[in-house]
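**Student:** Sequence first, predicted coordinates after that:
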Amino acid sequence: MDTFIVTSKALERKVKISNSNGMHARPATKFAEIANKYSSEIHVKTKNKEVEGKSIIDLLTLGAENGTEIVICAKGIDAVEALDALEGLVKSKFEEEFMEIRKGIAVSPGVVIREAFMFESEGYRIPRHIIRKEEVESEIFRLEKAIEDSKKEIDDLEKKVSEDLGSEIGAIFGTHRMILQDARLKNEVIEKIRKVNFTPEFAVSLALRVYIRKFQDVTDTYLAERVSDIFDVERRLLRNLLGEKREELKNLAQEVVLVAHDLTPSQTASLDTEKVKGFATDVGGRTSHTAIVARALGIPAVVGLGTITTDVFGGDTVIVDGNHGVVIVRPDAETLATYQSKVKSMHVFEEKLATELKDQPSTMRDGRHIGIYGNIEFPKDINVNVKYGAEGIGLYRTEFLYLGSPRPPTEEEHLEAYTTVVRELKDKPVIIRTLDLGADKFTYGDDRKEGNPFLGCRSIRYCFENPAIFKIQLRAILRASALGNVKILFPLISSLQELRRAKQMVWETMEELDKEKIPFSRNINMGVMIEVPSAVMIADMLAKECDFFSIGTNDLIQYSLAVDRNNERVAYLYCPVHPAILRLLKIAIKAAEDNNIPVGICGEMGSEVEYAVPLIGLGLTEFSVSPATIIPEIKKIVRSVTYEKAKEVADTACQFDDPEKTINYLRNIAIEILPEAF
């Protein structure tokens, strides 16, 4: 009788919402799931509203943000137990505020704090919307139709692949069909729609990600690799569910951090930096072209995180620390405050340094001038380089004209892209690199597969094999040279014969323009990218037949150390100050010096402030860097040392046999000059 008296009364508990995002979809779902386990009536109140505690939709309408005090009311035989469980859930921050710190590969400096946007390879966001109760059955019907459509696609694909490549290969897609036919999986998805009112898209993603995590935890390599099959099924189902309703990157409504399995260079190049403020990916390496484009865009990025796409949900607060290769998911209050302060101080430091040094010469303390230029990917990048004091453009990558286009660019399209930059810079130098297609970039009209494309038909080799495409670019570069200080840079030169052949094609193009009475600079400088070991070993020969060197350390390090720059498993072997790399740099720079031609560095090593002093000491005369925000930092270092001091640092660095000791030594030198950058 006493028990009945106690439990027939409504009991209450006051508790404050303390998770950073408040009672949004996921916390509301957890609350409703627990509430529905008890027979008691449960309500939740704020100052202005009272709702049914077992309804996700009702809970969402509370608008309970971080700091909101709610009152949980329960009436029934198990009211006490229900209140204990629900109060515990709220106090545990809905079990979602467990901060995760993930270490990856830092590929673009800076720190950004934003909500996560989950970007699938198809290019859309997985919705996290809740549906109304009356929509449940129609949404389940939509799910079942998507499953049937996906099965049909797989059947057709299996048939075609079996006919083209054999039944053994075609049978791979039988696995996908079995996943779709799995009754347990289908029931799990339907349960999430029926019981917690999730959209089919979010229910599919939620259910499949559980299996993805399980596969990723398996130690057997063969089984672990089957995770790609589940990713494939997920993408296919989502594509059929969403149809035309996909939310693409170009339609973003707010600033976000992009979280993806991977991004292609063309996807990265098309990012709207007004909305995408940073990104984090499962895979990737420091010198992949995706990473290079990220640095050119000036957005913080960390790659090679392994399973970041399964650890983050859309809407989670994410910190991307591109300086240290760290991504923090759902940061706690203390961590968030620390990073917010760090972002503010970094911004103030960058602006102060840029203001102080923009118009100051990049001259060493003993009067030696070191040129500091910018690397750009797109014509629009010129503005930020001018803002931060670039003396010109030391590397104008031209692949953006080709990526994402169904046809090669015309001569006029080339010319427009080049003249935009040349006119903006007036008499300052613009070094245009001839196209570097192939390898991990797109090639036109060539379906041939190469076992190792980085050792295949790429860059200058691709140009020689496709002279019509090459000539179009050369004509545009030469026409632009009539308007300013334009230079041509040939990539991936590995022999003297390649340099001579490239120059011959330039001369032939000059003759064509001459006949057409089209103006161009007859004295245009032509340079060589030093990025393969053979070029270093014949640098003395090359220097006699070109006007300048530009050292591409990304490929030089990759080829010299046998490190695939897109393979995160061997990323730790990529080391700019490996003794072999320092010796190669010394040889190339000495050859340029002996032949009285300028030698610059356009690779990523030149954009690392700790390497600036030893590079100057080795005899480097120019830096070409990205992002543009790094220019004032390099200039500060240049203006803080003498050439003799730089030579002393370079000599010491070359004596270490352990790269870790070299890095620590050089970092300490840089910290003494520029402590704010570390």
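**Tutor:** Looks like it arrived, so ask away.

**Student:** could you point out the longest helix in this protein?
**Tutor:** helix 136-165 (DSSP state H).

**Student:** Who are the packing partners of that helix?
**Tutor:** Contact analysis of helix 136-165 by 3 or more C-beta pairs under 8 Å, 6 or more residues apart in numbering; DSSP states H and E lists helix 167-170, helix 172-181, helix 183-196, helix 200-216, helix 227-242 as its packing neighbours. In this view, the C-beta of every residue, glycine as well, is placed from N, C-alpha and C.

**Student:** count of neighbours near the closest residue to Phe173 other than its chain neighbours?
**Tutor:** Excluding the flanking residues, the one nearest Phe173 by C-beta to C-beta, 6 or more residues apart in numbering is Glu158, at 4.1 Å. Neighbourhood size, Glu158 [other C-beta atoms under 10 Å]: 19.

**Student:** ok, Glu158 touching Gly174?
**Tutor:** Yes. Counting by C-beta atoms under 8 Å, Glu158 does reach Gly174; the two are 6.5 Å apart.

**Student:** Just want the angle from the longest helix of the chain to helix 172-181.
**Tutor:** Between helix 136-165 and helix 172-181, the angle comes out at 170 degrees (axes from the mean of the first three to the mean of the last three C-alpha atoms, to 10 degrees).

**Student:** And helix 136-165, how far out from the chain middle?
**Tutor:** Offset of helix 136-165 from its chain centre (C-alpha atoms, centre = their mean, to the nearest Å): 32 Å.

**Student:** again, but for stretch 338-356
**Tutor:** Centre-to-centre, stretch 338-356 and its host chain are 22 Å apart (C-alpha atoms, centre = their mean).

**Student:** ok, back up a step: buried residues in the longest helix of the chain?
**Tutor:** For helix 136-165, the neighbour count (16 or more other C-beta atoms under 10 Å) marks 136, 139-140, 142-143, 146-147, 149-150, 153-154, 157-158, 161-162 as buried.

**Student:** Among those residues, which one sits closest to Thr662?
**Tutor:** Relative to Thr662, the closest of the buried residues of helix 136-165 is Val161; by C-beta to C-beta it sits at 50.3 Å.

**Student:** Look up the pLDDT of the closest one for me, please.
**Tutor:** Note on Val161: pLDDT of 68.

**Student:** What strands line up against the longest strand belonging to the chain, and which way round?
**Tutor:** Taking DSSP state E as the criterion, the chain has its longest strand at strand 111-119. Partners of strand 111-119 in the sheet, by DSSP bridges, are strand 256-260 (parallel), strand 317-321 (antiparallel).

**Student:** just how off-centre is that strand within its chain?
**Tutor:** 12 Å.

**Student:** tell me the average confidence for it?
**Tutor:** Mean predicted confidence for strand 111-119 is 88.

**Student:** Give me the contact list for that strand.
**Tutor:** Residues from elsewhere that reach strand 111-119 (C-beta atoms under 8 Å, 6 or more residues apart in numbering): 125-126, 249, 252, 254-260, 263, 276-278, 299-300, 309, 312-323, 329, 331, 336, 339-340, 342-343, 346.

**Student:** Keep only those of these that are in helices.
**Tutor:** Going by DSSP H, the helices hold 309, 336, 339-340, 342-343, 346 from these.

**Student:** Show me how to select, in PyMOL, the buried members of the residues you listed.
**Tutor:** To isolate the buried members of the ones in helices among the contacts of strand 111-119 in PyMOL, using 16+ other C-beta under 10 Å:
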select buried, resi 309+336+339+343+346
